[in-house]
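Participant: no sequence on hand, only this structure:
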C-alpha cells in the first residue's frame with residue numbers, strides 16, 4: 001500500500017510524462033530528469049500531457065508500486081511549475097491528487113523527522129526502516145538502511161572531509177575495489193551524490209569543480225605523422241608491431257589519429273580501456289580501441305546464454321571495440337583482418353596488466369548502411385543480430401538511429417564456462 005504520512009518524501013515531476021513507457025521508463029525518468037534514485041523509497045508523481053491523469057511510482061524494498069488515476073472530468077489545473085521536480089508535503093499531495101491547489105493546503109509543520117534524521121521506510125510508512133531495508137541499488141551494490149547508518153557514522157567521524165576524501169574512506173571501509181585493486185572512488189562518489197539527492201545524506205559543499213570532460217573536451221594535440229601513400233601487399237609491411245598505448249607516452253598519438261581521421265571522431269570511452277597502435281617499420285598504419293562492454297545487449301546475451309545475475313557478475317570480462325581505423329593513405333589488402341586476429345591473441349593479457357583481470361569475449365557494432373563488416377567476418381567474428389536502434393538512454397521505445405549489426409568473437413572455446421554459464 002501507499003500510505004501518505006507526514007514522513008513520506010514526495011517529488012512531483014513538473015514536465016509531463018508518457019505513461020506508455022511503464023515502470024522502467026518512469027524509473028529512468030526519475031534518474032535522468034529528477035536526478036533521484038527510483039529505489040530510494042520516495043514517492044514520485046507524474047502527469048500526462050493533457051493533464052487529465054496522474055501516476056504514482058514508489059519502491060517498497062521488494063518491487064515497484066504503480067498507482068494511476070484518471071479524472072472523469074476536468075484536469076489537474078494546479079500542477080507545480082518551474083524546476084524539474086517539486087518537493088511536496090503529504091497534505092499538499094493529497095490536495096493535488098484531488099484536483100485542488102496544493103499551494104493553498106494547510107497543515108502543521110513536521111517538528112521532527114521520524115527514523116533517525118531522514119531515514120524513511122522504503123514502503124513509505126514513515127516508521128524507522130528495518131536495518132535490512134533496501135534503500136537503493138547502485139552499480140550492482142545494494143545499499144541497506146544499515147549501510148546508510150554506517151555512512152552517516154563515517155561522515156560524523158570525519159566532519160571536515162571533502163566529498164573526495166569521504167568517498168575514499170567509504171571504499172576503504174567497505175574494501176570496495178576494482179579487479180586491479182584500485183579503490184572504486186568515482187563510483188562511491190556517485191553513490192554518495194545519489195544518496196544526497198534522494199535526501200538520505202547531506203554532503204559537504206563542493207570545494208573544487210574541475211572541467212566536465214563529458215561536456216567540453218579539448219581536442220587532442222596534433223602529432224607529426226607520415227601521410228605519404230602506402231600501397232603494398234601484407235607481407236611487405238611486416239613485421240607489424242602492435243603496441244598497447246593506454247597510459248603511455250604514445251596515447252596522445254592514438255587520440256590524435258582517431259580524432260583526425262575516424263569518421264566518428266574521438267571515442268570518449270567510459271570505464272576500462274585498451275588502445276592499440278599498429279606500426280610498420282616504425283610508421284603508424286592503424287589504431288584500434290576497446291572499452292568496457294555495454295551492460296545490456298540482447299543478441300549477445302542470447303548468444304552467451306547467461307542470466308541477468310551472471311551478466312551483472314561477468315560483463316566486465318567482455319570488451320567492446322569502439323574504434324578501428326586503417327589510416328586513409330594505407331592500402332594493404334587483408335591488413336584489417338590480420339590486425340583483428342593479432343589483437344584477439346593478446347588482448348586478454350593486456351587487459352590483465354592494466355586492470356587485473358582478463359577478457360574472454362570481444363564485440364562490436366557495424367553500421368550496415370556504411371560497411372559490410374567483411375574484415376570482422378574474415379577474422380572469425382560472427383554476426384549475432386541487430387540492435388534495436390534506440391540507444392542506451394531511450395525513453396520512448398521508438399528507434400531513433402540506424403540499427404547496427406552486433407558482431408562477437410569468443411576468445412576461448414569454453415568462453416561460456418569462463419563467463420559463469422554452466423552446462
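Facilitator: Good, I have the coordinates. On a predicted model such as this, the values are computed, not experimentally measured, just so you know.
Participant: C-alpha only now, for contacts and for neighbours.
Facilitator: Will do.
Participant: any chance you could map the helices in this structure?
Facilitator: Ranges of helices within the chain are 22-32, 90-97, 145-157, 163-174, 185-197, 234-237, 251-261, 298-304, 308-314, 335-355, 374-378, 415-418, based on DSSP state H.
Participant: can you put those helices in TSV and add distance to residue 289?
Facilitator: Listed next are the helices of the chain as TSV, based on distance: least, Cα to Cα, whole Å:
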stretch	distance to residue 289
helix 22-32	28
helix 90-97	51
helix 145-157	38
helix 163-174	29
helix 185-197	23
helix 234-237	21
helix 251-261	9
helix 298-304	20
helix 308-314	21
helix 335-355	10
helix 374-378	15
helix 415-418	22
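Participant: format those as TSV; extra columns: distance to residue 321, mean neighbour count and mean pLDDT.
Facilitator: Output for these, formatted as TSV (distance: least, Cα to Cα, whole Å; neighbours: other Cα atoms under 10 Å; pLDDT from 0 to 100):
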stretch	distance to residue 321	mean neighbour count	mean pLDDT
helix 22-32	27	17	89
helix 90-97	49	19	88
helix 145-157	37	16	87
helix 163-174	30	18	92
helix 185-197	23	18	90
helix 234-237	23	14	95
helix 251-261	13	19	95
helix 298-304	14	15	93
helix 308-314	17	14	88
helix 335-355	10	17	96
helix 374-378	11	16	97
helix 415-418	18	15	94
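Participant: the ones you listed: which one's closest to residue 139?
Facilitator: helix 185-197 (7.9 Å; Cα to Cα).
Participant: so which of the helices of the chain gets nearest residue 406?
Facilitator: Going by Cα to Cα, the one of the helices of the chain nearest residue 406 is helix 298-304, 7.1 Å.
Participant: contacts for that closest one, please.
Facilitator: By Cα atoms under 8 Å, 6 or more residues apart in numbering, the residues outside helix 298-304 that reach it are 311, 384, 385, 386, 387, 406, 408, 416, 421.
Participant: can you check stretch 154-162 too?
Facilitator: Contact partners of stretch 154-162, identified using Cα under 8 Å, 6+ apart, comprise 166, 169, 170, 204, 205, 206, 207.
Participant: give the other helices and strands that the lowest-mean-pLDDT helix or strand in the chain contacts.
Facilitator: Within the chain, confidence by mean pLDDT, DSSP states H and E is lowest for strand 134-138 among all helices and strands, at a mean of 77. The elements that strand 134-138 packs onto, with contact taken as 3 or more Cα pairs under 8 Å, 6 or more residues apart in numbering; DSSP states H and E, are strand 141-144.
Participant: off-centre distance for the strand it packs on?
Facilitator: Relative to the mean C-alpha coordinate of its chain, strand 141-144 is positioned 17 Å out (Cα atoms, centre = their mean, to the nearest Å).
Participant: most neighbours among the contacts of helix 298-304, which one is it?
Facilitator: If you count neighbours using other Cα atoms under 10 Å, the busiest of the contacts of helix 298-304 is residue 408, which has 25 neighbours.
Participant: hmm, that residue is touching residue 381, no?
Facilitator: Yes: the pair residue 408 / residue 381 is scored as a contact, 5.4 Å apart, by Cα atoms under 8 Å.
Participant: show me what residue 12 is bridged to.
Facilitator: Here residue 12 sits in beta bridges with residue 45, residue 86, going by DSSP bridges.
Participant: what of residue 70?
Facilitator: Beta-bridge partners, per DSSP bridges, of residue 70: residue 53.
Participant: give me every residue that touches residue 356.
Facilitator: 179, 180, 181 are the contacts of residue 356 under Cα under 8 Å, 6+ apart.
Participant: any chance of those in JSON lines, plus distance to residue 227?
Facilitator: Shown next, in JSON lines, are the contacts of residue 356 (distance: Cα to Cα, whole Å):
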{"residue": "179", "distance to residue 227": "40"}
{"residue": "180", "distance to residue 227": "38"}
{"residue": "181", "distance to residue 227": "41"}
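Participant: looking at those residues, spot the one nearest residue 242.
Facilitator: The nearest member of those to residue 242, counting by Cα to Cα, is residue 180 at 23.4 Å.
Participant: so residue 232 versus residue 241, what's the distance?
Facilitator: 17 Å (Cα to Cα, to the nearest Å).
Participant: of those two, which one has the most company?
Facilitator: Neighbours per residue, other Cα under 10 Å: of residue 232 and residue 241, the larger number sits with residue 241, 18 against 12.
Participant: hmm, that one is touching residue 276, no?
Facilitator: No: Residue 241 lies out of contact with residue 276 (Cα under 8 Å); the separation is 9.9 Å.
Participant: okay, now the unreliable bits of the stretch 1-150 of the chain?
Facilitator: Within the stretch 1-150 of the chain, the ranges that satisfy pLDDT under 70 run 1-3, 6-7, 106-133, 140.
Participant: who are the neighbours in contact with residue 287?
Facilitator: 254, 257, 258, 275, 276, 277, 278, 323, 324, 325, 326, 327.
Participant: the fifth one bridge partners, please.
Facilitator: Taking DSSP bridges, one finds residue 244, residue 288 as the beta-bridge partners of residue 276.
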